[in-house]
Structures are given as C-alpha cells and as structure tokens.
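Novice: next come a sequence and a model predicted from it.
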Amino acid sequence: MTVNIPDEMLLSVEKPARYTGGEVNMAVKNPSEAEIRFGFCFPDIYEIGMSHLGLSVLYWLINNRDDSYCERFFAPWIDMEQIMRENKIPLFSLETFTEAKDFDILGFTLQYEMSCTNILNMLDLAEMPIYASERGDDFPIVCAGGPCAYNPEPFAEFFDFFYIGEAEAVLNDILDIYKTNKAENCGKRHFLEKISTLKGVYVPAFYDVEYKSDGTIKSFTKNYENASDVIEKVIVEDLETSFFPETQIVPFIETVHDRVTVELFRGCIRGCRFCQAGYIYRPVRERSAKTLTAQTRKLVASTGHEEISLLSLSTGDYTEFQELSEALIDEHSKNGVGLSLPSMRVDAFSLELMGKIQGVRKSSLTFAPEAGSQRLRDVINKNLSEEEILGGCRLAFEGGWDRVKLYFMTGLPNETDDDLRGIAELCYKILRERINKPININASASCFVPKPFTPFQWVSQNTIAEFSRKNYFIKENMGKKIKFNYHSPEVSVLEGLIARGDRRAGKVIAAAHRLGARFDGWNDKFSREIWNKAAEEAGVDTAFYTERKRDYDEILPWDHISIGISKDFFIRESEKALNGETTPNCREGCGGCGLSC
C-alpha cells in the first residue's frame, strides 16, 4: 500500500528532504513489473546512510536486474517518528512511498553495534513483529549483512537469515532462488532451507545453542540436517571485474560525505591486532588505476560532485597510489574537483602529493597513531615508529598543512599510565615540528572494544570507571594547547556487550527498545539508565560479556562462522601481543593466517 504524507506534516519536521525521495539519479521503475521488491534498510538517519558506499553498490546491483526493484528505507529522526506514530503512518520507501511490510525482502546493513535498537524500531514502525519466529509467510523476509553480522548471535532472533561476506558474490543467487520460490508459492521455510546450503548464508533458526552452568556456551548444533556445519565468508575474488555503479544518487540536502567515492581495494596488509575490518575483509584485492580513473570520470560526470574520496582501509598501501592520485588530480583539478584522502599511515605520505591536493582544496590531515608509546604500538602491531610519525607530520607542515587530527585508543591490552601519558607527549612532540606558524592539533581517543575475529577477541574490556579515569588522566596531561576529546565509556561498554554477545544479549536489545532506546550512537540520545534497566529485566550481567577474559578453548558465539583465518593464527598473534612482538605486514612476509592469498 502506498503511504500519503501531507505537506504540512513534512514541513513540521527538521529536514523534510530526508523523507521525500526523488533525488537526482534515483532509480525509477514500475513497481507492478518487479517480481522482487527489495528494501535496503539503513538503521540510521538519511544523511549517514546516503554516505555509505555499500548502499550505493547494492542499490544499483539489484536495480540493474530487470526483475527487481530496490528501494531505500532509513530510520526516521525523533520528530518524524512522533508524527508517524501519532498519524499511524507506517515505515515507507523513498522511491514509491510503499509500506515496508509490502516488500518481498527487507535487507538491513549492520555497520555499528549501537544501531541495534533502530533496527527493532524500524520493524515496529513497519507494523511487523521484531522476532523472526512471529513473522509468518505474510511478512517479508528480513535479512542482514555487514561487519556486525560476523557475530550474528545477538541479532539471531530478529532476522530470518544473515549474509556473511560481500554481497556481490552470492546475492544474485539468493534473489534467483527467491524468485523461483515465490513463483511456486513454496513459503518462507522452503526458501530458507534452499538458501541455507549456500556459502555465506546463516539461518539462525536452523541452529540450537546450549549453555553451561557457568554461562559459557556448551554446544552449538544444527537442527536442520542440510544446513552448513560452518558458515564460510564469501568474497569477490576479482575486484577488477566486479560490479561497481556508474552513478550515485545525489541528495537534496547535505550528507556526511557529499562526494564521489571510489573503492581502491578491499582487505588490509597491516594486521593491526585491534582491527576487525583488517581481518574480516582479507585477502587484499585491488582495482587497477586505469579502472578507478574510468569509474571516477563517470561518477563525477553523473553527479556533479566537487570532491573525490578514495576508499580503503589503508589508502597508502594501494600499489598504484601515486599513479592514480596524480591522474585524478591532473584530470579533475582544472574543473575545481578536489581529492580527499582518508586517514593514512604517516610512513606512506608524499610531500609532492600533499602540495598538489592543497592547491585545489585545503583540508585537515588525519593520522592514527592509536597508542602513545612505542611499546604499546608493538603490542597492537601498529608497526609504526615515533620517528615515522614525527617525520610524516614534519612533511605535512612543510607542505603547508596547519590542521592535524590524531586518533588514539584507551583501554588497549597491557596498557599502563606511562602509555597514556605518552599520548600527550607525542602530541607535543608533533606540535614542536611546526614550521614558523601556528598549527591546530585535535586529538581524540576512543575506548577500545574487543571484537570477534581479532587476536584480542579473548581479552577483557575496561570498565566504565577505568575508561573514565584514563580519559581524565590524558586530559590532565594534555594541558590547554591541544584540544582533546574522548568517546563515551558507557556507550563503548555496551558496544562490547553486543560485539561479543551471544543470543542472550539479544534479550537486552529487545528490552532496551521496548523501554524507548533510539539512536544510541548519538550522545544526546543515549540513555545509560534505559540500558541498565534493560539488562536487569533481561537477567543479563553485562560484565560477563565485557570484563571477563576468555580461555582459548572456550566456544565463542561466532565459532560457527569462518572468515578463512585460522583460530591458531589468532592465538599466536594474541601471545605475541603479550610479549610485545610484532608481525610484519603481508607484503613483507606471510604470517600464515590460513588464507590462500
């Protein structure tokens, strides 16, 4: 059913264009001719979702099919949700204003743990039960993918299936199976049975979990015999020839990233022990500079954006970086189109490239030392020396840059006060590298959250009190010359609960949603009281999931998922971290992670 929203309602909310659709380059199809209606659901506001490259890729991958129509759903902001509930307006798509519950498949992307209550709120706004077991054949299939899906257990009861890996690899196969299943009117169960045999597909209802008396997992067994024993991640093996959209939707309002985005490569050679993305996206696969130049040319022409962003986990490690960046600057700078560089390793920085970029558009530089001392950088395998950090900043200042952002973490394994003091000391050493003119240094610290599929997946997380003490300690040492910000410890501890939780953590998420939690990743919307009450109602001890150190032989909630990297490798890296030993990056020598690169 199509939703009608009176203009006076839209004019009463903060940003009406979040809900109107009709943007430049939006896909326009005849819904009645689509055999598959797919709703891409981003569990945050429009401005954030429209800056996500994965949305653009999947949107056009599906819309390039003649039999399918992919439409977008975003979490309505507080003001719009109130209007929708007061006027009984269900969640609707931006393309055709169709109710979400009229779609065939609703696919959520799980980018951040603290968007979990937004997911349930969107389902509730769609007038659908939040639990998969309560949604019969009259409701859409609800699925999820993205980095948080690599531990799907806290979300297991809310979704019909999870997609583990890169959607371009198997998504078309899933849609083909759904199309046949729908034509034959075989029902949801039959469809889930068919896709459960596909690589990368996890149907949580087909698996049972038992717990020991101490709360750890006793067993994880399948209850449908044809389901996979281990769910293996799927990847696009040849990124050079893989699908990439030739256009991007251009919003009518400012978004987080108003720019053309091209993806250089997937994976990372570095092996930082805290970084989940660096492991789950392995192995490294690149696009050629020639292909990226052509993709950028088409995207700039079709969007009119005045900035190009190069996306990867470590841009400086792209093997054709100099060739690509120079080609993009030479081609686009004359038209006032600038090049934006994400956070780079300072040991890969080029003074000449900085000068060319600054000649088009000035912006601040972002570096991520992560830790203040060399000892702790060795523990986390950052493989970055203080000399390299200072030398890179010196090059930047010589190139005319005067604003630097520095990212650190607190609560890292084996951290001491000397390491924390080193954050302030490093900032002041960088400050002393300035070249006869003032510079601005903004330092920020996030609270370390241990993640699945990393060497630190077994370690304990700091408590709220420990994080708070450390942040205050750094701030006191930082003085007044350098601006210092830090992430909320309360939010980070809840991230830890969801990141390493099992199915019982899902009861906390459901209770928090019922108690009114929304937009928990936004500082002004997060309520610690709600989450404390939710954990109490669910009978879940948060400390069990966050503060407890795991044994290597414990069954972890994500042990039935395989990313291709062996657990033995993670154990070896964990032990090397305890000893302060580093592992060279993948190009310097194979670390024996188990992948065939």
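Specialist: Arrived safely, thanks for sending.
Novice: isn't residue 199 up against residue 235?
Specialist: No. Residue 199 lies out of contact with residue 235 (Cβ atoms under 8 Å); the separation is 10.0 Å. Heads up, the C-betas are built off the backbone N, CA and C, glycines and all.
Novice: these two: which has the busier surroundings?
Specialist: Taking neighbours as other Cβ atoms under 10 Å, residue 199 and residue 235 compare with residue 235 leading, 23 against 14.
Novice: re the thing from before, what's the overlap in contacts for residue 199 and residue 235?
Specialist: residue 165 (Cβ atoms under 8 Å, 6 or more residues apart in numbering).
Novice: would you mind giving the domain segments of the chain?
Specialist: Annotated domains of the chain cover 7-232, 239-487+565-578 [automatic domain parsing].
Novice: rank those by mean pLDDT and give me the bottom one.
Specialist: The stretch with the lowest average pLDDT out of the domains of the chain is domain 239-487+565-578, scoring a mean of 90.
Novice: ends of it, what's the gap?
Specialist: Between the opening and closing residues of domain 239-487+565-578 lies a distance of 36 Å (Cα to Cα, to the nearest Å).
Novice: now do that domain: distance to the chain's middle.
Specialist: 15 Å (Cα atoms, centre = their mean, to the nearest Å).
Novice: stretch 127-140 now?
Specialist: Using Cα atoms, centre = their mean, the offset of stretch 127-140 from its chain centre is 26 Å.
Novice: what are the contacting residues of it?
Specialist: Against stretch 127-140 from outside (Cβ under 8 Å, 6+ apart): 39, 90-91, 99-106, 120, 123-124, 142, 157-160, 187-188, 204-205, 510, 513.
Novice: just these: which are in strands?
Specialist: Using DSSP state E, the subset of the contacts of stretch 127-140 located in strands is 39, 105, 106, 142.
Novice: of the contacts of stretch 127-140, which belong to helices?
Specialist: 120, 123, 124, 188, 510, 513 (DSSP state H).
Novice: one step back: can I get the domains of the chain in TSV including distance to residue 556?
Specialist: Putting the domains of the chain into TSV (distance: least, Cβ to Cβ, whole Å) gives the following:
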stretch	distance to residue 556
domain 7-232	7
domain 239-487+565-578	7
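Novice: among those domains, which comes closest to residue 532?
Specialist: With Cβ to Cβ as the criterion, residue 532 lies closest to domain 239-487+565-578 of these, at 10.8 Å.
Novice: how far away is the nearest residue to residue 98 once chain neighbours are set aside from residue 82?
Specialist: Of all residues not flanking residue 98 in the chain, residue 2 sits nearest, at 5.8 Å (Cβ to Cβ, 6 or more residues apart in numbering). For residue 2, the distance to residue 82 equals 22 Å [Cβ to Cβ, to the nearest Å].
Novice: what separation is there between the residue located most distally from the centre of the chain and residue 398?
Specialist: Centroid-distance maximum for the chain: residue 436 at 39.8 Å, with Cα atoms, centre = their mean. Separation of residue 436 from residue 398 (Cβ to Cβ): 11 Å.
Novice: please apply the same query to residue 373.
Specialist: In this view, residue 373 and residue 398 are 26 Å apart by Cβ to Cβ.
Novice: ditto for residue 125
Specialist: Taking Cβ to Cβ, one finds residue 125 at 53 Å from residue 398.
Novice: number of nearby residues for residue 167?
Specialist: Other residues close to residue 167 by other Cβ under 10 Å number 22.
Novice: check contacts around it.
Specialist: Applying Cβ under 8 Å, 6+ apart to residue 167 gives the contacts 54, 57, 58, 61, 145.
Novice: now, which of the residues you listed sits nearest residue 410?
Specialist: Nearest to residue 410 out of those is residue 54 (Cβ to Cβ; 29.2 Å).
Novice: quick one, what contacts the closest residue to that closest one other than its chain neighbours?
Specialist: The shortest distance from residue 54 to any residue other than its chain neighbours is 6.1 Å, reached at residue 109 (Cβ to Cβ, 6+ apart). Contacts for residue 109 were tallied using Cβ under 8 Å, 6+ apart; they are 40, 41, 42, 43, 52, 54, 55, 144, 145, 146.
Novice: can you put these in a markdown table and add neighbour count, secondary structure and distance to residue 227?
Specialist: Shown next, in a markdown table, are those (neighbours: other Cβ atoms under 10 Å; DSSP: H, G, I helix; E, B strand; the rest coil; distance: Cβ to Cβ, whole Å):
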| residue | neighbour count | secondary structure | distance to residue 227 |
| --- | --- | --- | --- |
| 40 | 23 | strand | 26 |
| 41 | 28 | strand | 25 |
| 42 | 24 | strand | 29 |
| 43 | 27 | coil | 27 |
| 52 | 20 | coil | 30 |
| 54 | 17 | helix | 27 |
| 55 | 20 | helix | 29 |
| 144 | 23 | strand | 18 |
| 145 | 25 | strand | 18 |
| 146 | 19 | coil | 22 |
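Novice: out of these, which comes closest to residue 468?
Specialist: Using Cβ to Cβ, residue 43 is the member of the contacts of residue 109 that lies nearest residue 468, at 28.2 Å.
Novice: separation between that closest one and residue 246?
Specialist: 27 Å.
Novice: got the phi and psi for the most centrally placed residue in the chain?
Specialist: Central residue of the chain (Cα atoms, centre = their mean): residue 111, 3.4 Å from the mean position. Torsion angles at residue 111 (phi, psi; degrees, to the nearest 10) stand at phi -90, psi -20.
Novice: shouldn't it be in contact with residue 144?
Specialist: No. Assessed by Cβ under 8 Å, residue 111 is found out of contact with residue 144, at 10.5 Å.
Novice: ranges for the strands of the stretch 1-150 of the chain?
Specialist: Secondary structure of the stretch 1-150 of the chain (DSSP state E, counting those that start in this stretch): strands located at 36-42, 68-74, 105-109, 141-145.
Novice: could you pull up phi and psi at the closest residue to residue 28 other than its chain neighbours?
Specialist: Of all residues not flanking residue 28 in the chain, residue 95 sits nearest, at 7.4 Å (Cβ to Cβ, 6+ apart). In terms of degrees, to the nearest 10, the main-chain angles of residue 95 are phi -80, psi -50.
Novice: residues in contact with residue 95?
Specialist: Counting by Cβ under 8 Å, 6+ apart, residue 95 touches 21, 26, 27, 28, 69, 71, 72.
Novice: list the contacts for residue 145?
Specialist: Here residue 145 is in contact with 107, 108, 109, 110, 162, 163, 164, 165, 167 (criterion: Cβ under 8 Å, 6+ apart).
Novice: residue 533 and residue 517 touch, don't they?
Specialist: No. Using Cβ under 8 Å, residue 533 is not in contact with residue 517, being 10.0 Å away.
Novice: of those two, which one has the most company?
Specialist: residue 517 (24 against 15).
Novice: secondary structure element for that one, which one?
Specialist: Of the helices and strands defined by DSSP states H and E, none includes residue 517.
Novice: can you give me the strands in the stretch 201-350 of the chain?
Specialist: Using DSSP E, counting those that start in this stretch, the strands found in the stretch 201-350 of the chain span residues 201-202, 207-211, 217-222, 231-232, 260-263, 265-266, 285-286, 307-311, 338-340.
Novice: most tightly surrounded among these?
Specialist: Of all these, strand 201-202 has the most neighbours on average by mean count of other Cβ atoms under 10 Å, namely a mean of 26.
Novice: parallel or antiparallel, list what pairs with it.
Specialist: Here strand 201-202 has these sheet partners by DSSP bridges: strand 161-163 (antiparallel).
Novice: what does the partner strand rub up against?
Specialist: Here strand 161-163 makes contact (Cβ under 8 Å, 6+ apart) with 107, 141, 143-145, 149, 152, 155, 170-171, 174, 192, 195-196, 200-204.
Novice: what's downstream of it, the next helix or strand?
Specialist: Once strand 161-163 ends, the next helix or strand along the chain (criterion: DSSP H and E) is helix 167-183.
Novice: in that following helix, what's buried?
Specialist: 167, 168, 169, 170, 171, 172, 174, 175, 177, 178, 179, 181 (16 or more other Cβ atoms under 10 Å).
Novice: the third one against residue 198, yeah?
Specialist: No. Taking Cβ under 8 Å as the contact criterion, residue 169 and residue 198 are not neighbours in contact, 10.1 Å apart.
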